[in-house]
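[1] whatever this is, show me its structure:
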Amino acid sequence: MDKSLLRPFEEILEQHKADAEFRQRWERTTLGRAVALKLIAHRSKNGLSQSQLAKTLGWKQPALARLESGTHNPTIDTLYHISRTLRIAFLVDIGPTPRRNSWLTAGVKRADVTQQFTSDGSRIFVAAE
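    So this is what the prediction gives:
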């Protein structure tokens, strides 16, 4: 394969965001992608398969696979269950306009941020530790 044909993910993503339908779907699933990344990182760090982590959570493997796909936002109950079971903290801050120091995110280190996306004057900020 000619590696000169490969483009960075960010470049491809920016091209796709030019499409209004894609951009809307991308923005709507910010939380889902953030949680998916955290669950995948947790599995990797702990050497777990999807089936093993699903069992720990009291779920079936397909339910975890759907959540790890990042295409759907989890419910608050699901976040609570993950947090309580895996000892992962989630911080979610959603607002109508970007704020430099929101009450929720003021003390969060940049390294803790799993997703941050601002568009059309709105803010979605997700961090997990």
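
[2] could you check the pLDDT of N73?
    Per-residue pLDDT puts N73 at 92.

[3] pretty sure it contacts E27?
    No - the pair N73 and E27 does not pass the contact test of C-beta atoms under 8 Å, sitting 11.1 Å apart. From N, CA and C alone the C-beta is placed, and that goes for glycine too.

[4] list the buried residues for the strand or helix carrying S44?
    Assigned by DSSP states H and E, S44 falls within helix 30-46. Residues 30-39, 42-43 are the ones in helix 30-46 that count as buried (16 or more other C-beta atoms under 10 Å).

[5] try stretch 6-24
    Going by 16+ other C-beta under 10 Å, stretch 6-24 has no buried residues at all.

[6] now do the helices in the protein.
    For the chain, the helices defined by DSSP state H occupy 9-17, 20-28, 30-46, 50-57, 61-69, 76-86.

[7] how long is stretch 63-75 end to end?
    End-to-end span of stretch 63-75 (C-alpha to C-alpha, to the nearest Å): 13 Å.

[8] need the contact partners of it.
    Applying C-beta atoms under 8 Å, 6 or more residues apart in numbering, the contact partners of stretch 63-75 are 28-29, 31-33, 35-37, 39-40, 50, 53-54, 57, 78, 82.
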